[in-house]
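Undergrad: here are the coordinates; sequence isn't available:
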DNA sequence: TATGTATGCAAGCAATTACTTGCATACATA
DNA sequence: TATGTATGCAAGTAATTGCTTGCATACATA
């Protein structure tokens, strides 16, 4: 089975599932979206569920934010957090399909949980490392790194999700605007002032 | 058709849908959970979708946080926001079924969106009113009320959702702890210091 | 008592859906 | 040329699912 076919099927599956949920995504849908015959799907993967499991387990598709991002830091709190938040939003967009599987597909969630959790976990660890470093540099007024990391993630995750669900019916400003201003608040709270 | 039967069906439907999503919740499931015959469901509501629509439209079931909550305020920022956050978490738990419909049931989301949006919208408006008042009292260092409201909601929404999905596999502290500490950060950022 | 109303129960129907099988075909490589 | 491999296509199967029908029964009210 050609790799490009396999890839088309996987990508179509992730796309459709993230939009419609696992149960509502039929193998016919997937075949149509991927431009292949439905039978090909079963010849490649065996079953519908195995497509998802393959996507999350076997494929190098799960890319939590990498630690190397810390190299980009300038050790100016506002600037760095701004960059990290944008990175999170970018990552969310890229990984949206997978994140949405977590929220929209309770049928398979338990089975893929351990793989999905890597995304927020990775980001959390990067943030904690960042906060540790700025703390060492004496720029932070608190050493509760885990809490800071989590508050930061929650803030952005919550916003992105609400935005995805209700968009401008609920939210009167753009992504950029929210990130900028909420970071300013965040920094004001945690920056050491002397 | 008896009202108590109707209510049992509605509550069971919301419960199951919030857990398993719309599509995966069968009318047989609902009947079993409600302890009624499957036929009764169709005699009462006509169709599966109509149960959900009834729950959200006709029933006085949708209770966004009420403005009267502002009467409970002591106009001490930390204390009030603490109370409001707890109210949000309480509200989330009560309305979880409905909030989850938004996330887990893309099949019917467009149809119920306008009803579901009342929950965050209501809370947002309450928060904006609150911030306006504390601003008038000279306790706030910013007048970007909408942003503050939204940051507050995102923070709590994000946390509650991650907690619901990954629980203690990702999060090293309790609900209470998170609320307490994150509010402290929040207040530190927005409280006028003179 | 008689009648209507709400419910249960057994059976079934038509559509959908995950998955299978058998066969034809294109293409690459030995 | 011959053979194997990847795919398409047509047909079908068994299970599930939303929904219907016909009938029995309990219960309340006239």
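TA: Okay, I see it. This structure is a prediction, so every number in the text was calculated from the model and none was measured.
Undergrad: next, see if the longest helix along chain A gets close to DNA strand C.
TA: Scanning chain A for the helix with the most residues, using DSSP state H, yields helix A:77-104. No: Helix A:77-104 is not in contact with DNA strand C by C-beta under 7 Å from any atom of the strand; minimum separation 14.5 Å. Placement of C-beta: from N, CA and C, glycine included.
Undergrad: mind giving me the packing neighbours of the next helix or strand after that helix?
TA: Downstream of helix A:77-104, the first helix or strand assigned by DSSP states H and E is helix A:106-116. In terms of contacts (3 or more C-beta pairs under 8 Å, 6 or more residues apart in numbering or on different chains; DSSP states H and E), helix A:106-116 is packed against helix A:48-53, helix A:77-104, helix B:3-20, helix B:145-166.
Undergrad: mind listing what's buried in the last one?
TA: Neighbour-count burial for helix B:145-166, counted by 16 or more other C-beta atoms under 10 Å in any protein chain shown, picks out B:145-163, B:165-166.
Undergrad: what's the local residue count around residue A:143?
TA: Neighbour count for residue A:143, taken as other C-beta atoms under 10 Å in any protein chain shown: 10.
Undergrad: let me know the pLDDT of the nearest residue to it once chain neighbours are set aside.
TA: Of all residues not flanking residue A:143 in the chain, residue A:135 sits nearest, at 5.7 Å (C-beta to C-beta, 6 or more residues apart in numbering or on different chains). pLDDT for residue A:135: 96.
Undergrad: buried stuff in the helix or strand containing residue A:135?
TA: Assigned by DSSP H and E, residue A:135 belongs to helix A:118-136. For helix A:118-136, a neighbour-count test (16+ other C-beta under 10 Å) marks A:119, A:120, A:122, A:123, A:124, A:126, A:127, A:128, A:130, A:131, A:134, A:135 as buried.
Undergrad: want to throw those residues into TSV with distance to DNA strand D?
TA: Formatted as TSV, these follow (distance: C-beta to the nearest atom of the strand, whole Å):
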residue	distance to DNA strand D
A:119	30
A:120	31
A:122	33
A:123	36
A:124	36
A:126	38
A:127	41
A:128	43
A:130	44
A:131	47
A:134	50
A:135	52
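Undergrad: quick one: the residue of chain A found nearest chain B and residue B:157, what's the gap?
TA: Nearest residue of chain A to chain B: residue A:158, at 2.9 Å (C-beta to the nearest C-beta). Per C-beta to C-beta, to the nearest Å, residue A:158 is found 4 Å from residue B:157.
Undergrad: with the flanking residues excluded, which residue is spatially nearest to the residue nearest the centre of chain A?
TA: Centrality entry for chain A: nearest residue to the mean C-alpha point is residue A:92, 3.5 Å, by C-alpha atoms, centre = their mean. Among residues not flanking residue A:92 along the chain, residue A:160 sits closest, at 5.2 Å (C-beta to C-beta, 6+ apart).
Undergrad: how close does that neighbour get to residue B:158?
TA: Distance, residue A:160 to residue B:158, by C-beta to C-beta: 8 Å.
Undergrad: and residue A:193, how many residues sit next to it?
TA: For residue A:193, the number of neighbouring residues by other C-beta under 10 Å comes to 6.
Undergrad: before we move on, what about residue A:15?
TA: 17.
Undergrad: quick one: contacts for the closest residue to it other than its chain neighbours?
TA: Leaving out its chain neighbours, the residue that sits closest to residue A:15 by C-beta to C-beta, 6+ apart is residue A:97, at 6.0 Å. Under the criterion of C-beta atoms under 8 Å, 6 or more residues apart in numbering or on different chains, the contact list for residue A:97 reads A:14, A:15, A:17, A:18.
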